[in-house]
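Trainee: for reference, the sequence and a predicted model appear below.
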Amino acid sequence: MVPKLGLKTSSDPEQLNSRLIHQPEILEFYTDQADFSKNGLKRLNDAIQEVKERATDKIILRQPMTFQGDFLEMIVPKELFPKSFHFLEKSTSDLLQLAFDHHIQVLLHGSYEMRNQALIAYYGSWEAANQYLFDQLDKFSELGQEHIMFENSISPLFYFGDPDYDALLFAKNYRLAYDLSHAFIKMRGSNRKLLASLKTLKDHIVHYHLVDSMGKTHDSLPLGQGKINWKAVLELLNPDATSIYEINLKNMLDPTEQLQSHNFLLQLAQK
């Protein structure tokens, strides 16, 4: 498999241009709360159009990570956090409208890190929280159809790497976005478990976040600077899926670390 150049950006014009000059084959927009104002949505719409005109039509819109400073968890209960719940619903609806209008993709997070213990406690058990999560994902999956995908976490919910849970997720037939560092961290740095998971879920994976890690914390390292076995990973990636390099940048206006990661993978593929 020959890796394709996939970059990550916001809708900020200067940041977007710093990616487009490299002619990415895939581009993923990360969004935040401000993107869902009237002006924010117009800016995002215009940015999508610019990407299609200058580079590619393979575009992914990523759900905002936070609302009012807290992680926007999929299981947020309306009764406890009504504003967060309504923002989750509205932002997802707005993203899906853009996806249908432009024939592109939306990425939602099944979970993040579940830092707020009140969330799972509200449901009384992991099983009840997980069932509510699946109900939410079923709802959004039906709404988004081929325009929606769900990314794995490092929380107790919607993680990849455990054989039994992977089998359960495979049976749900969700379109999956696989963040390799999340699975590697969740499985405590086990390449064996990561590779087994990639193989199990391969047929349902439509998008990858390619990012290295030491397997302990959410470090988002350039490829080759962590402990993931990229040579073995390359052999297990779904060739029909898209991918981006989700690397921490020293300068948000300079995607050097993303480009270096792409060159690392190209060299590995050529060997």
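Mentor: Structure received. Given the structure is predicted, the values throughout are model-derived calculations rather than measurements.

Trainee: can you show me the helices along the stretch 101-250 of the chain?
Mentor: Along the stretch 101-250 of the chain, counting by DSSP state H, counting those that start in this stretch, helices occupy 118-123, 126-144, 163-172, 180-186, 191-201, 230-234.

Trainee: could you give me the buried positions within the longest one?
Mentor: Of the residues in helix 126-144, those buried by neighbour count under the rule 16 or more other C-beta atoms under 10 Å are Ala129, Asn130, Tyr132, Leu133, Phe134, Gln136, Leu137, Phe140, Ser141, Gly144. (Glycine included, C-beta is placed from N, CA and C.)

Trainee: am I right that Gln258 is in contact with Tyr245?
Mentor: Yes - counting by C-beta atoms under 8 Å, Tyr245 is a contact partner of Gln258 at 4.2 Å.

Trainee: shared neighbours, those two?
Mentor: Counting by C-beta atoms under 8 Å, 6 or more residues apart in numbering, the contacts common to Gln258 and Tyr245 are Leu7, Lys8.

Trainee: the two - which one has more neighbours?
Mentor: Counted by other C-beta atoms under 10 Å, Gln258 and Tyr245 do not tie: Tyr245 has more neighbours, with 29 against 26.

Trainee: so which residue is dead centre in the protein?
Mentor: For the chain, the residue nearest the mean C-alpha position is Glu151 (4.7 Å; C-alpha atoms, centre = their mean).

Trainee: what pairs with that residue across the strands?
Mentor: As for beta bridges, Glu151 partners with His109, Ala177 under DSSP bridges.

Trainee: now Gln63. Nearest residue, chain neighbours left out?
Mentor: Sequence neighbours aside, Leu108 is the residue nearest to Gln63 in space, at 4.8 Å (criterion: C-beta to C-beta, 6 or more residues apart in numbering).

Trainee: so for that neighbour, what's the pLDDT?
Mentor: pLDDT for Leu108: 98.

Trainee: now do Tyr122 against Val76, distance only.
Mentor: Look at Tyr122 and Val76: by C-beta to C-beta, to the nearest Å, they are 9 Å apart.

Trainee: the two - which one has more neighbours?
Mentor: Each of Tyr122 and Val76 has its neighbours counted (other C-beta under 10 Å); Val76 has more, 23 against 17.

Trainee: the more buried one belongs to a helix, doesn't it?
Mentor: No - in this structure, Val76 is coil, not part of a helix, as judged by DSSP: H, G, I helix; E, B strand; the rest coil.
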